[in-house]
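Engineer: show me the folded form of this:
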Amino acid sequence: MIPASSFIDSCKQHGLTLWTGVPCSYLKPFINYVIDAPDLRYVGATNEGDAVGIAAGADLGGQRSVVMFQNSGFGNTVNPLTSLNMIFKVPTLVITTLRGEPGGAHDEPQHELMGQITGGLFDLMQIPWAYFPTEVSEIDAVMARAVAHMDEKRTPFGLIMRKDSVADYKLQTKAAPKPLPPGGTIEAWGPQAAYPTRREVLAMIQAKGRPTDALVATTGFTGRALYALDDRPNQLYMVGSMGCAGSFGLGLAIAQPQRRVVVLDGDGAALMRLGALATLGYERPDNLVHVLLDNEVHDSTGGQSTVSHSVDLAGVASACGYPTVVRAHSLAEAEAAFVNAKGLTFIHVKTAPGEKGDLPRPKETPVQVIDRMRGWLKETQG
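Structural biologist: Got it, this is the predicted structure:
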């Protein structure tokens, strides 16, 4: 058994300063210690996959991160780990607990199967792993192996934590709840002859954005349409990792507080991980603008209907703590909201479904896209 401080100090020495995840009783000492530490940041995610997205965005912004969760929630991370981290080559230290360990302490029935396959899941995703150190003398070797892999291969490394690996640490800091801010402009949709197209809204954002804005476009037609309009080094076209654009943007905004981050989201994607709005609303970064392009369909998979027509997504954002929420009824209103955005802002704009048949895919690989953006972020740091 090791004290939480010993492992966390080693992480700090290797530049891992942002911690995010979902609690487990095995992880309680870590989470408590990081919350108390003045030089570390803990972001509590509503979902394990969202935590992976947050960490990936922070890594792009230059802040190395640790993701923690219980192995019963491991399944929630498979999509972003395989289609975000592994495809874009984003290294993250992943710590999962080993609940339901075969031959170990008696545990709840929901952990039985996952306890048997936790290591196998890492193997299946081609993510190397080791058991979490239980002696202080083991920490340096484990961390050296993990960091060497992440530096060389640029992919995640896993640590599997058994019961009683870390000594108890009692939380000293009392969390202060953040009251809901007064909502922004939320009006009912009125009669509308025609919605703007996706490309019209994206073209407006390219034209009216700041030179140092970092754009994160959700997977599917949104990223491809942005690319078709004008490929730029400040634009990240997400692939896979469905619903993770907001969490990824949050991580990037935390790591780059001097820069505005613009998340270009879709209704289908946002609905997949609606809990991410709660994390964004609580963290409330004042340098993030969340634009939701809502055409009420899964456009890139054949136009099947989403349920956004019966969900008040602007109301959800307001209830989750976004200080400014604007329901844009036209391209002009979307432009005004975007140009005048201050602090965390949610802009909900209805768009017409469908796309032109000539929509291209980026010629650059995901690794080339993210490496180009890393370089651009460094060049425009000031």
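Engineer: buried sites along the longest helix anywhere in the chain?
Structural biologist: When the chain is parsed with DSSP state H, its longest helix is helix 136-153. Of the residues in helix 136-153, 139, 142, 143, 146, 147, 149, 150 count as buried by neighbour count, 16 or more other CB atoms under 10 Å. In short, each C-beta sits where N, CA and C put it, glycine included.
Engineer: try stretch 353-370
Structural biologist: Neighbour-count burial for stretch 353-370 [16+ other CB under 10 Å]: 355, 362, 366, 369, 370.
Engineer: about what we covered before: which elements pack onto the helix or strand following the longest helix of the chain?
Structural biologist: Sequence-wise, the next helix or strand downstream of helix 136-153 (DSSP states H and E) is strand 157-161. With contacts defined as 3 or more CB pairs under 8 Å, 6 or more residues apart in numbering; DSSP states H and E, strand 157-161 has these neighbours: strand 93-97, helix 112-124, strand 129-131, helix 136-153.
Engineer: dump the C-alpha coordinates for strand 157-161 into CSV.
Structural biologist: The C-alpha coordinates for strand 157-161 follow below in CSV (Å, rounded to 0.1, in the frame of the first residue of the first chain):
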residue,chain,number,x,y,z
PHE,A,157,-1.0,3.4,-21.1
GLY,A,158,-3.2,1.6,-18.6
LEU,A,159,-2.7,0.9,-14.9
ILE,A,160,-5.0,-1.6,-13.2
MET,A,161,-5.4,-0.9,-9.5
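Engineer: now for the longest helix of the chain, which elements pack on it?
Structural biologist: helix 4-13, strand 129-131, strand 157-161.
Engineer: let's go with 7 Å and repeat that
Structural biologist: helix 4-13, strand 157-161 (3 or more CB pairs under 7 Å, 6 or more residues apart in numbering; DSSP states H and E).
Engineer: tell me the angle it makes with strand 157-161.
Structural biologist: 150 degrees (axes from the mean of the first three to the mean of the last three CA atoms, to 10 degrees).
Engineer: quick one: helix 136-153 to strand 93-97, angle?
Structural biologist: 130 degrees.
Engineer: now helix 136-153, how far from the chain's geometric center?
Structural biologist: 24 Å (CA atoms, centre = their mean, to the nearest Å).
Engineer: other residues contacting that helix?
Structural biologist: 2, 6, 7, 10, 14, 91, 93, 128, 130, 133, 157 (CB atoms under 7 Å, 6 or more residues apart in numbering).
Engineer: with adjacent residues omitted, what lies nearest to the last one?
Structural biologist: What it means is residue 157. In this structure, residue 157 finds its nearest non-sequential neighbour in residue 146, 4.2 Å apart by CB to CB, 6 or more residues apart in numbering.
Engineer: that neighbour and residue 114: what is the separation?
Structural biologist: 22 Å (CB to CB, to the nearest Å).
Engineer: again with residue 64
Structural biologist: 27 Å.
Engineer: quick revisit: please, a ChimeraX command that selects the buried ones among the contacts of helix 136-153?
Structural biologist: Here is the ChimeraX command that picks out the buried ones among the contacts of helix 136-153, judged by 16+ other CB under 10 Å:
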select :2,6,7,10,91,93,130,133,157
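Engineer: what is the nearest of the contacts of helix 136-153 to residue 224?
Structural biologist: Closest approach between the contacts of helix 136-153 and residue 224, by CB to CB: residue 91, at 26.5 Å.
Engineer: which residues touch the closest one?
Structural biologist: 59, 150, 154, 155, 156.
Engineer: again with residue 360
Structural biologist: 224, 227, 228.
Engineer: pretty sure the second one contacts residue 362?
Structural biologist: Spelled out, it's residue 227. Yes. Using CB atoms under 7 Å, residue 227 is in contact with residue 362, at 5.0 Å.
Engineer: now do the shared contacts for the two.
Structural biologist: With CB under 7 Å, 6+ apart, residue 227 and residue 362 have common neighbours residue 237.
Engineer: sorry, back to before: with pLDDT added, can I get the buried residues of stretch 353-370 in CSV?
Structural biologist: Formatted as CSV, the buried residues of stretch 353-370 follow (pLDDT from 0 to 100):
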residue, pLDDT
355, 87
362, 93
366, 97
369, 98
370, 98
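Engineer: which parts of the stretch 251-382 of the chain are strands?
Structural biologist: Along the stretch 251-382 of the chain, counting by DSSP state E, counting those that start in this stretch, strands occupy 261-266, 288-294, 297-298, 304-305, 324-328, 345-350.
Engineer: so can I have JSON lines of those showing mean neighbour count and distance to residue 244?
Structural biologist: As requested, the strands of the stretch 251-382 of the chain are exported to JSON lines (neighbours: other CB atoms under 10 Å; distance: least, CB to CB, whole Å):
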{"stretch": "strand 261-266", "mean neighbour count": "27", "distance to residue 244": "10"}
{"stretch": "strand 288-294", "mean neighbour count": "26", "distance to residue 244": "13"}
{"stretch": "strand 297-298", "mean neighbour count": "19", "distance to residue 244": "16"}
{"stretch": "strand 304-305", "mean neighbour count": "10", "distance to residue 244": "21"}
{"stretch": "strand 324-328", "mean neighbour count": "24", "distance to residue 244": "21"}
{"stretch": "strand 345-350", "mean neighbour count": "26", "distance to residue 244": "17"}
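Engineer: export those strands as TSV, with columns for mean pLDDT and distance to residue 220.
Structural biologist: TSV is the format used below for the strands of the stretch 251-382 of the chain (pLDDT from 0 to 100; distance: least, CB to CB, whole Å):
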stretch	mean pLDDT	distance to residue 220
strand 261-266	97	7
strand 288-294	97	11
strand 297-298	89	8
strand 304-305	88	13
strand 324-328	93	21
strand 345-350	96	17
